[in-house]
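Peer 1: Sequence and computational prediction follow.
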Amino acid sequence: MENNVQLFGAYGLLLAKKYLNEEDRPEGLHGLSDKEIYRCINMFYERRYGKSLDIVKNRKELYSFARKESRYYILCENIKMLIMRICNFDLETVDLFMLKNLLTIYGNIYAVIWNYVDDFKFEECRLSKLTKDEVIDIVRGVLTEVDPSLEWLKIYNDIFDKRIIYLNELDDNEFKKLNDTLEDYDEDNFENACVKTKKGDHLVLLTYEGNIGDVISTVHEFMHYIIEIKRDNKEVTNILMEFPSIFYEYYALIYLKRMGYSDKEIKYLESYRTCDLWNGIVDTYLLSHYIKIFVENYEINEELDIEYFSLIADDDVKNLTYDEIMKNVYEQCDACTEFIMTNPQHLEGVTSYVVGSYLALNAIDRLGKNTLYNMKDYTNNISDYNPYDIFVGLGIDVDKLELKNIEKRRKKIRN
Ligand SMILES: [Zn+2]
C-alpha cells in the first residue's frame, strides 16, 4: 500500500475511472479495486492536509483533489508519449532530427501556414460539374504527368473498377458487406480514405460529388494507395504519411488551372485544404505550448506553466488576479490533457497533416522536373526515408533548425 501511495494514487484514480482499462493501469495499480485506489488517494490527502476525509461521503471531493494534484503529472506523461510518437517511437529508434528540431519545425510550420492562411480569402463559388468518366480522365492526365513511366497510370487503370469504391453509390446491404470485409472501419465514418481489408489488400473509398473536387480527392486517396502497396508492410514514419498525398493534391490544382478552370474555382477548391489545415493548426497549437515547455525543461509543472503564461500575457491578462490566472492555467492544462488522452490517433493524423502540408508547400514552391522525379521516388519508397532526408531533399535549410544540448534531453526522454 505504501508503495502505491508513492506511485500517486491520484494518478491511478483519474486513469482508472476515466480513461484506462484495468490492464492498462500503471504497474503498481494492477489489481487494485476502486476502494483501494480511493484509500491511496486518501493517504495522500492526509499527508497534504494533515487530516483525512470520510471516503464514503466525500468521494467527489477526493476526486477533485486527485484531479487537481495529478493534472501536471498526467499531462507530462502524455506529452512525452506524444513526442515519442512524433519522433518515431514506432520504429523503435528515436528520430533525433525530429526530436532535435521539433520546436523549430513547429515554429517554421506555423509561420509558413499562418501566412498561407492569412493570405487566403474565402469566396463562395460553384464548382464545375464533372461526370465520373470525366473525373477519371483528368486523374489519368495528372498521373501521366507526375509519373511519365506510366506505372501509376497502369495501377490506377487496373484498380478503378474493383478497388475504388464510391460510398454514396452503395445501398445499405452493399455497405454492410463492404464494412464486413474491412480490417477496421467505423460505420459512422463515411470518409474518403484508403483502407485495409481483412485479407490485407487495400481499397480506395470515395464519395463522388460530381464536380472537379472529385479529381482532388481521388488523387489524394490514390497516392495513399500507392504508398500502401509499395511499402509492403514496411514501417513508415507516421508524420510522412500525408506528405505525398498533399503534394499531389496541390499538383492536381495546378493541372486543373492549366486546363482552364477559373482562378476563383481553384481558390475555392484550395479552401477545403486550407480549412483542414486550419483545423489541424488549432488542434496542435495548444499542444505546441506544452511540447515547448517539455522539450526545454523536461517537465511541465504549475510554475513553468504560469511563467510561460505570463510571458505571452497581454494587457487583459495583466489585470487578472492570481486566482483568475490559476483558473486559466488549470483549465488550459486540463483541456490539453483531456484532448491528448481522448484523441491519440487523431493527433497523430493531424501532426502528419500539418507536417505533410509544410513539406508539400515547400516542394510546390520549388516545382520543376527534378521535384517530380524526387516526389515519385519518395512516394514509391517512403519507408526508406526519414524526415531528415526529405527536409534536406526539398532544400529546406536544416542547419538553421539545429538546437543545442539535445543528447542529454534525449536520454531523459527515453527512460
Ligand atoms: Zn490523407
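Peer 2: Everything's here; your move.
Peer 1: Correct me if wrong: Ile226 contacts Asn381.
Peer 2: No: counting by Cβ atoms under 8 Å, Ile226 does not reach Asn381; the two are 10.9 Å apart. Where C-beta positions appear, they are placed from N, C-alpha and C, glycine not excepted.
Peer 1: between the two, who's got more neighbours?
Peer 2: Comparing Ile226 with Asn381 by neighbour count (other Cβ atoms under 10 Å), the higher total belongs to Ile226, at 24 against 13.
Peer 1: quick one: that one from Lys199, how far?
Peer 2: Counting by Cβ to Cβ, to the nearest Å, the separation of Ile226 from Lys199 is 19 Å.
Peer 1: now Lys80
Peer 2: Using Cβ to Cβ, we find Lys80 at a distance of 37 Å from Lys199.
Peer 1: for the chain, which helix is longest?
Peer 2: helix 263-297 (DSSP state H).
Peer 1: Need the residues that contact the following helix or strand past that helix.
Peer 2: As assigned by DSSP states H and E, the chain's next helix or strand after helix 263-297 is helix 302-311. Under the criterion Cβ atoms under 8 Å, 6 or more residues apart in numbering, residues 72, 289, 292-293, 297, 317, 325-326, 328-329, 332-333 lie in contact with helix 302-311.
Peer 1: rerun that using 6 Å as the cut-off
Peer 2: 293, 297, 329 (Cβ atoms under 6 Å, 6 or more residues apart in numbering).
Peer 1: So what's the residue count around the last one?
Peer 2: Okay, so that is Val329. With other Cβ under 10 Å as criterion, Val329 counts 16.
Peer 1: I figured Val215 was touching Ile138, is that so?
Peer 2: Yes: between Val215 and Ile138 there is a contact at 4.9 Å, judged by Cβ atoms under 6 Å.
Peer 1: What's the per-residue pLDDT of the closest residue to the ion within the stretch 251-400 of the chain here?
Peer 2: Ranking the residues of the stretch 251-400 of the chain by distance to the ion (Cβ to the ion) places Tyr353 first, at 7.3 Å. Tyr353 carries a pLDDT score of 86 in this model.
Peer 1: any idea whether Leu203 is helix, strand or coil?
Peer 2: strand (DSSP: H, G, I helix; E, B strand; the rest coil).
Peer 1: I meant to write Val195 there.
Peer 2: Assigned by three-state DSSP, the conformation of Val195 is strand.
Peer 1: so where is this protein shaky, pLDDT-wise?
Peer 2: Per-residue confidence for the chain (pLDDT under 70) gives these ranges: 1-31, 56, 88-96, 99-100, 105-106, 108-110, 112-123, 185-190, 312-317, 399-415.
Peer 1: element containing the residue most central in space within it, please.
Peer 2: Nearest residue to the geometric centre of the chain (Cα atoms, centre = their mean): Val350, 2.5 Å. Here Val350, judged by DSSP H and E, is contained in helix 344-365.
Peer 1: contacting residues around the helix or strand containing Asp214?
Peer 2: Assigned by DSSP H and E, Asp214 belongs to helix 213-231. Residues outside helix 213-231 that contact it (Cβ under 6 Å, 6+ apart) are 127, 135, 138-139, 142, 192, 194, 202, 204, 206, 244-245, 248-249, 252, 269, 379-380, 382-383.
Peer 1: right, and out of the contacts of helix 302-311, which lies closest to Ile340?
Peer 2: For these, the residue nearest Ile340 by Cβ to Cβ is Ile293; the value is 14.1 Å.
Peer 1: burial count for the closest one?
Peer 2: By the criterion of other Cβ under 10 Å, Ile293 has 20 neighbours.
Peer 1: Over to Lys318?
Peer 2: Counted with other Cβ under 10 Å, residues neighbouring Lys318 total 9.
Peer 1: Repeat that for the one 10 residues further on.
Peer 2: Counted by other Cβ under 10 Å, the residues lying close to Asn328 total 16.
Peer 1: tell me the SS of it?
Peer 2: Under three-state DSSP, Asn328 falls in the helix class.
Peer 1: Compare Lys80 and Lys199 and say which is more crowded by neighbours.
Peer 2: Neighbours per residue, other Cβ under 10 Å: of Lys80 and Lys199, the larger number sits with Lys80, 18 against 8.
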